[in-house]
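mind folding the following:
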Amino acid sequence: MKNFFILFIEILIILFAFYNSQDKAIINGYYDKEEHYDPNGFQDYTDYCKYFYNEKYDDKFKKNKLYSQVSEEDISNIISYFENFKEWMNLSNRSDEYDFSESSITQGDYVYIKTKEGEKIGDTYYDKFDNYSVYFYDTEKHTLYYIHSNI
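Here you go, the predicted model:
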């Protein structure tokens, strides 16, 4: 019985670790996906993914606490991340994987930006484009775009 209890606890720990490792910004329910992970990535990597949803999922992004609705004032900041990301994809000879158009960023879409900007690293601080993830949901195409750059 003692061995069963220990095994049960170990399984719970594994399940808890798996649950916490899931990217909660990628909402379940997409019907298709395209994922382009950096083949050479370990610590420094550049990833580009697209997740395709049905229209009924728009409301899930609206209700998700991570996401905020894009305002006119947000658009230039969001574009800056995608422009920086595009440069890294080009430098990595991966431009054929990247098909995002900045013109799809419009008021009323949803975005979540996770960045280390301003956090201390050694004797200095992270700059804006040193380490970021952007989750952008286009309400017209019902597509979630995920970009990550950590260079």
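
CA-only coordinates of stretch 64-71, as PDB, when you get a sec.
The C-alpha trace of stretch 64-71 is given here as PDB (Å, rounded to 0.1, in the frame of the first residue of the first chain):
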ATOM      1  CA  ASN A  64      -9.500  35.500 -21.400                       C
ATOM      2  CA  LYS A  65      -7.700  37.600 -18.800                       C
ATOM      3  CA  LEU A  66      -4.400  37.400 -20.600                       C
ATOM      4  CA  TYR A  67      -5.700  39.100 -23.700                       C
ATOM      5  CA  SER A  68      -6.600  42.800 -24.200                       C
ATOM      6  CA  GLN A  69      -8.500  44.300 -27.000                       C
ATOM      7  CA  VAL A  70      -6.300  46.100 -29.500                       C
ATOM      8  CA  SER A  71      -6.900  49.900 -29.500                       C
END
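
flag every buried residue along it.
For stretch 64-71, the neighbour count (16 or more other CB atoms under 10 Å) marks 64, 67, 70 as buried. All C-beta spots, glycine's among them, are computed from the backbone N, C-alpha and C.

the last one touches residue 112, doesn't it?
It refers to residue 70. No - with contact defined as CB atoms under 8 Å, residue 70 does not count as touching residue 112 (10.7 Å).

closest one of the buried residues of stretch 64-71 to residue 119?
residue 67 (21.8 Å; CB to CB).

all helices in this structure, in order from the N-terminus.
Under the criterion DSSP state H, the chain carries helices at the ranges 2-21, 58-63, 75-91.
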